[in-house]
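In: Got a predicted structure plus its sequence, pasted below:
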Amino acid sequence: MPILSTRPEQLEPAYGILCQAVFPQPHLSVPFGATYCVVKPGESTDPHAHHEGESFYIVSGRGRMSIAGEPTREVASGDVALIPSFARHGIHNESTTENLVFFSIYWEEAAPRPLPTRTSLYVAPPTPNGDLHLGHLSGPYLAADVHARYLRLRGVEARYLSGSDDHQSYVATKADALGTTPEAVAARFGSANANTLRKASVQLDSFQRPSQDPDYIRFVQAFFQRLAAEGSLELRQAPSLHCETCDRYLYEAHVRGGCPICGTETSGNGCEQCYWPNDCVNLLDPVCAACGNPAVVRQLSRYYFPLARFGDRLATFHQSVAMGPHLRALSTDLLSQGLPDISISHVADWGIQVPGMPGQVLYEWFEMAAGFLYAAQQASPDGRWESVWKDDASRVVQAFGFDNSFFFVAFLPAVLLAYDPAVHLPEAFLHNEFYQLDGTKFSTSRRHAIWADEALEALPADVLRFFLGYDRPEVEQTSFTLPGMRGTVEQELVGRWEAWLAELDARLDLVGRVAPEFREPANHAEQNLWQHLSQAIAALDAAYRAETFSLRSATRELGRLVDVGRGFGQAMAPLQGQPVLREDWHAAIALELVVLKVFSVLVSPVMPSFGTDLQERLGLEELDWTHLKSPIPDGTRVGALRVTDFSGALHGIDRLIEQPLPSSVLR
């Protein structure tokens, strides 16, 4: 009878801890899987989600566990935690001296939710007040691109839509700093940002340039007029901030003060610390951002959107949309504390003019709601926004950074519901926390950044995309460091990925670089490989889906798949020297090539050029997700597998390490 060892040397890294697979086993057919798990003192599992149901049986130790955003609970020896499918979860060992040991039992609880026919992905547009830095790139732009590429692999018609947030007040303040016009700033940096996204292999179907599109401006103004005519907006006298020195009304980038909720210094209209909106006039000790003088209060007629009217409908929406625990907690807090009225017009000379209100412009977040519909109208074959936002066969997914949470979970959906109560609101949010640089927030204005275009000059886009996914701030803020990136690339891409490809390349040389004839897995090692392959496909499917999206999980699952293929190849290598085992040796190479084929497809959403190059070397043309495990036809000539010089990327990172942080405000 087989005996499995759980001695420390037999455990392997997985999900940030040490594990030993117990089931499945090739000689036993059971309807579940099981893993023996050890969490070292003070460590935690990587937070993750998957389509299987799961339970943790605590064998020894004590810790705290989180499931689906609920408050953490203490667990100890003898406890059993039940985890529903798709629920993000993690466990932390609070002891400083003892291991936390548990068994994970998992099963196919339900088939994954069917994918839609069409999906439109909307990403918070970048503000064109400077170049994109790695903090920008690591968040919604990369996430939406990976999800869109995954959907296309699955046969879904996916449209990735974004643009340039031209009418932000930060564009006007940048123009003042550069001694030029907002139009020139929006044009310059809008083009630069679009080019940087292309260099990063972010494949946009549409990139709107609002200030250069008269039809866009007319659409937004008509959107406003309809809401005003229907009574969804209120024109009222309200206190407003003014700088007597600069003779300017102050809002957003033009004013600074203490957040009325948390007290943190912030700009107007929204706090990056607690994420609550403000009406500028309620800031603590507000001052003009340009001259520093205290603001005075004047009465002013402005349009307001009464957000509180939509509290019940937003609560229903929040129950249906897929989002992470932190965002769900913020959404609950917003509704419980009472939603504020939001001013949607300001006195300014940069922005889309409010019809009938000379000298006032529309708040850019209000403009964005109309921009969603305009983008759909422009991208739809029938030229109707309804084919995206009201069609049962279509789904909307939105991606944004956590600092924009209030607008995406409350303000924007409410404005769209006011415009047309029949709109289908987003079904999932792909959101991320702040990404820090050396422990401090990336900042264009403070020139604390690593510019994306410079990084992309130094190393391949695929390598940068991999690390930004690996280090992505999904459930907590993470801190980017160049030495950290170098270490990860050296350990993962060079030490594991590149090493596997080199070893398989050498084995292919021994068989004339043609794929051997495939046979069905015939022994325990081959059957175990086949089961691991199925598990990898399911795990990557879950990591790429909108409901359970996790680039951190995806990059780590890809590494585990590399380990599976490499470990199998190394284990089968001794067969090569035995003539009587030649058939088994060739079958092992054929199986390893299937692993590489699956890997080439699963890696392509994250590293598109790398995945495509591997597929071409394997002679693959049309890819079908439903037949990922089909063999490479025997006799297929396989090209050299060293398609990407990951080792060379280390030299590029070294060049970045030698460069100082940017000092020019012109960026």
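Out: Nice, thanks for sending it over.
In: Please identify the buried residues of stretch 648-663?
Out: By 16 or more other C-beta atoms under 10 Å, the buried positions in stretch 648-663 come out as 649-650, 652-653, 656, 662. Backbone N, C-alpha and C define where each C-beta goes, glycine included.
In: Dump it to CSV, keeping only the CA atoms.
Out: The C-alpha coordinates for stretch 648-663 follow below in CSV (Å, rounded to 0.1, in the frame of the first residue of the first chain):
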residue,chain,number,x,y,z
GLY,A,648,19.4,39.5,-20.9
ALA,A,649,16.6,41.3,-19.2
LEU,A,650,18.7,41.3,-16.0
HIS,A,651,21.2,43.6,-17.7
GLY,A,652,18.3,46.0,-18.6
ILE,A,653,17.2,46.0,-14.9
ASP,A,654,20.7,46.7,-13.9
ARG,A,655,20.8,49.8,-16.2
LEU,A,656,17.6,51.1,-14.5
ILE,A,657,19.1,50.5,-11.1
GLU,A,658,22.0,52.7,-12.1
GLN,A,659,19.7,55.6,-13.2
PRO,A,660,18.5,58.2,-10.7
LEU,A,661,14.8,58.8,-10.2
PRO,A,662,13.5,61.4,-12.6
SER,A,663,13.9,65.0,-11.7
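In: So which residues make contact with that stretch?
Out: Contacting residues not belonging to stretch 648-663 are listed as 447-451, 454-455, 458-460, 463, 482-483, 485-486, 489-490, 493-494 [C-beta atoms under 8 Å, 6 or more residues apart in numbering].
In: thinking again about what came up before, quick one: which two of the buried residues of stretch 648-663 are the most distant?
Out: Maximum pairwise distance among those (C-beta to C-beta): 22.4 Å, between Leu650 and Pro662.
In: Now for Phe568: which residues touch it?
Out: 525, 529, 588, 591-592, 595.
In: The stretch 151-300 of the chain: helices as residue ranges?
Out: 169-178, 182-199, 214-229 (DSSP state H, counting those that start in this stretch).
In: Tell me how far the second one lies from the chain's centre.
Out: This points to helix 182-199. How far helix 182-199 lies from its chain's middle: 22 Å, per C-alpha atoms, centre = their mean, to the nearest Å.
In: Helix, strand, or coil at Leu529?
Out: helix (DSSP: H, G, I helix; E, B strand; the rest coil).
In: That one: neighbour count?
Out: Residues contacting Leu529 under the criterion other C-beta atoms under 10 Å number 24.
In: Same check on Gly512?
Out: With other C-beta under 10 Å as criterion, Gly512 counts 9.
In: what does Arg642 give?
Out: 13.
In: Numbering from 437 from now on, please.
Out: New numbering, starting at 437: the last item is Arg1078.
In: Give the single residue among the buried residues of stretch 1084-1099 positioned nearest to Val511.
Out: Distances from Val511 to the buried residues of stretch 1084-1099, taken by C-beta to C-beta, are shortest for Ile1089, at 40.4 Å.
In: Can you list phi and psi of that closest one for me?
Out: Dihedral pair for Ile1089: phi -60, psi -40, per degrees, to the nearest 10.
In: on that earlier part again, which stretch among the helices of the stretch 587-736 of the chain comes nearest Val950?
Out: Across the helices of the stretch 587-736 of the chain, Val950 has its closest neighbour in helix 618-635 (36.8 Å, C-beta to C-beta).
In: quick one: buried residues of that closest one?
Out: 618, 621-626, 628-630, 632-633, 635.
In: Okay, angle between that helix and helix 605-614 too, please.
Out: In terms of direction (axes from the mean of the first three to the mean of the last three C-alpha atoms, to 10 degrees), helix 618-635 departs from helix 605-614 by 110 degrees.
In: which other residues reach helix 618-635?
Out: By C-beta under 8 Å, 6+ apart, helix 618-635 touches 562, 564-568, 573, 577, 600, 602-603, 607-608, 610-611, 614, 640, 643, 645, 647-648, 786, 888-889, 892, 897.
In: Then stretch 849-856?
Out: 659, 662-663, 666, 668, 741, 743, 745-746, 749-750, 753, 802, 805, 808-809, 825-826, 859, 861-862.
In: For ChimeraX, write a command that selects the buried ones of the residues you listed.
Out: Selecting only the buried entries of those in ChimeraX, with 16+ other C-beta under 10 Å as the criterion:
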select :659,663,668,741,743,746,750,753,802,805,808,809,825,859,861,862
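In: Could you list which of the contacts of stretch 849-856 belong to helices?
Out: Using DSSP state H, the members of these that fall in helices are 659, 662-663, 749-750, 753, 802, 805, 808-809, 825.
In: Using JSON lines, lay out these together with distance to Ser496 and pLDDT.
Out: JSON lines is the format used below for the ones in helices among the contacts of stretch 849-856 (distance: C-beta to C-beta, whole Å; pLDDT from 0 to 100):
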{"residue": "Phe659", "distance to Ser496": "61", "pLDDT": "98"}
{"residue": "Arg662", "distance to Ser496": "64", "pLDDT": "98"}
{"residue": "Leu663", "distance to Ser496": "61", "pLDDT": "98"}
{"residue": "Arg749", "distance to Ser496": "48", "pLDDT": "96"}
{"residue": "Leu750", "distance to Ser496": "45", "pLDDT": "96"}
{"residue": "Phe753", "distance to Ser496": "43", "pLDDT": "96"}
{"residue": "Phe802", "distance to Ser496": "56", "pLDDT": "98"}
{"residue": "Ala805", "distance to Ser496": "53", "pLDDT": "97"}
{"residue": "Phe808", "distance to Ser496": "52", "pLDDT": "97"}
{"residue": "Leu809", "distance to Ser496": "57", "pLDDT": "97"}
{"residue": "Trp825", "distance to Ser496": "53", "pLDDT": "96"}
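In: Tell me the one of those nearest Pro1044?
Out: Nearest to Pro1044 among those, with distances taken as C-beta to C-beta, is Phe808, at 26.3 Å.
In: The closest one: what's it in contact with?
Out: Contacts of Phe808 (C-beta under 8 Å, 6+ apart): 558, 825, 848, 852.
In: farthest pair in the residues you listed?
Out: Trp825 and Leu848, at 12.1 Å, using C-beta to C-beta across these.
In: Can I get stretch 1023-1034 in CSV? Just the C-alpha atoms.
Out: Extracted in CSV, the C-alpha atoms of stretch 1023-1034 (Å, rounded to 0.1, in the frame of the first residue of the first chain):
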residue,chain,number,x,y,z
ALA,A,1023,6.4,9.1,-24.9
ALA,A,1024,7.7,11.2,-22.0
ILE,A,1025,9.0,13.8,-24.4
ALA,A,1026,5.7,13.8,-26.2
LEU,A,1027,3.9,14.4,-22.9
GLU,A,1028,6.4,17.2,-21.9
LEU,A,1029,5.6,18.9,-25.2
VAL,A,1030,1.9,18.8,-24.3
VAL,A,1031,2.8,20.6,-21.1
LEU,A,1032,4.7,23.2,-23.1
LYS,A,1033,1.8,23.6,-25.5
VAL,A,1034,-0.6,24.2,-22.6
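In: Could you pull out the strands in the stretch 437-586 of the chain for me?
Out: Using DSSP state E, counting those that start in this stretch, the strands found in the stretch 437-586 of the chain span residues 448-450, 453-459, 469-475, 489-496, 498-503, 509-512, 516-519, 525-529, 536-543, 554-559.
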